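Enquirer: just coords:
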């Protein structure tokens, strides 16, 4: 008899509101009870400071789940959102405290970029609080965009210098961002470079010791296509399609430390 090979999926899990342990235990139980999900493996839980969003939030409890599933990625997303809703997750304010946060970090070797779903999770490579529990259960799982394992990504964040490069789409954006970020207390011990990407030009060489390179708008992403092609030539890159605020850039820097 031929056995069905199911995609391996990595889910990141977090909670910083209410009974954090209970919310995470509930999520794991629901995943294990689902008829299209098998072999759920979880690591130990880790605490981390809340980064970004409203002030005064509680400490996060972070975990992960490695599982096999017959569900396509978009159907698995619906299941995760249903579990969040059952745990009283609300979404009125961006990055607000939450009872439960479930994200698909990796779905086998698939690369998905749609309105509702981006896989690999675009901020995974910049977040120690995601990578630390994930490495306990999936150290050798590959990020298909970079060709790096999760352990490679975590070691990079631990060992690389606090050097950051932010790519924007114009000289005007560069000047505005330099002024705003350089005065932020969270960046005072960092080496931060803001670069304007130019169409049909060679991007500046980025040292391998750079902890994180960020591309912060759809326009800049198009101009930076030479370093965002798959497989990505910069495994520690953080790309967003939307205009990214100073707060989000600073949050990415803090999450990588």
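Expert: Cool, the structure landed. The structure presented is a predicted model; accordingly, all values stated were derived computationally and were not measured.

Enquirer: what does stretch 152-162 contact?
Expert: Residues outside stretch 152-162 that contact it (CB atoms under 8 Å, 6 or more residues apart in numbering) are 124-126, 128, 131-132, 135, 143, 146, 148, 189-191, 209-211, 235-236, 256-257. C-beta here means a position set from N, CA and C on the backbone, and glycine is covered the same way.

Enquirer: what is the rounded mean pLDDT of it?
Expert: Across stretch 152-162, pLDDT averages out at 94.

Enquirer: which residues of the stretch 51-200 of the chain fall in strands?
Expert: Taking DSSP state E, counting those that start in this stretch to define them, one finds strands in the stretch 51-200 of the chain at 60-69, 101-107, 112-113, 118-119, 161-168, 191-196.

Enquirer: give the pairing partners of the first one; include direction for each.
Expert: Applying DSSP bridges to the sheet, strand 60-69 is found paired with strand 8-15 (antiparallel), strand 37-41 (antiparallel), strand 46-48 (antiparallel).

Enquirer: tell me which of those strands is the most buried.
Expert: By mean neighbour count, with neighbours taken as mean count of other CB atoms under 10 Å, strand 8-15 ranks first of those at a mean of 24.

Enquirer: so how many other residues sit close to residue 76?
Expert: By other CB atoms under 10 Å, 24 other residues sit near residue 76.

Enquirer: cool, residue 171 as well?
Expert: Burial of residue 171 is recorded as 10 neighbouring residues (other CB under 10 Å).

Enquirer: ok, it - contacts?
Expert: Taking CB under 8 Å, 6+ apart as the contact definition, residue 171 lies against residue 196.

Enquirer: distance of it from residue 211?
Expert: Using CB to CB, to the nearest Å, one gets 25 Å for the distance from residue 171 to residue 211.

Enquirer: make CSV from the strands paired with strand 60-69 and add mean pLDDT and distance to residue 249 to it.
Expert: Rendered in CSV, the data for the strands paired with strand 60-69 read as follows (pLDDT from 0 to 100; distance: least, CB to CB, whole Å):
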stretch, mean pLDDT, distance to residue 249
strand 8-15, 97, 21
strand 37-41, 97, 34
strand 46-48, 94, 19
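
Enquirer: for residue 82, find the nearest of the ones you listed.
Expert: Taking CB to CB, strand 37-41 is the member of those nearest to residue 82, at 12.8 Å.

Enquirer: residues in contact with that closest one?
Expert: Contact partners of strand 37-41, identified using CB under 8 Å, 6+ apart, comprise 6, 28, 31, 32, 65, 66, 67, 68, 69, 71, 79, 137.

Enquirer: in PyMOL, how would I select the buried members of the residues you listed?
Expert: Here the buried members of the contacts of strand 37-41 are turned into a PyMOL selection, burial being counted by 16 or more other CB atoms under 10 Å:
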select buried, resi 6+28+31+65+66+67+68+69+71+79+137
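
Enquirer: and which of the contacts of strand 37-41 is nearest residue 58?
Expert: Checking the contacts of strand 37-41 one by one against residue 58 (CB to CB), the nearest turns out to be residue 28, at 20.4 Å.

Enquirer: separation between residue 26 and residue 130?
Expert: Going from residue 26 to residue 130 by CB to CB gives 20 Å.

Enquirer: just the pLDDT for residue 251.
Expert: According to the per-residue confidence, residue 251 scores 87 in pLDDT.

Enquirer: sticking with it, tell me its helix or strand.
Expert: Assigning secondary structure by DSSP states H and E places residue 251 in helix 246-255.

Enquirer: for residue 28, same thing?
Expert: Following DSSP H and E, the helix or strand that holds residue 28 is helix 20-33.

Enquirer: run the angle between that helix and strand 101-107 for me.
Expert: For helix 20-33 against strand 101-107, the angle by axes from the mean of the first three to the mean of the last three CA atoms, to 10 degrees is 50 degrees.
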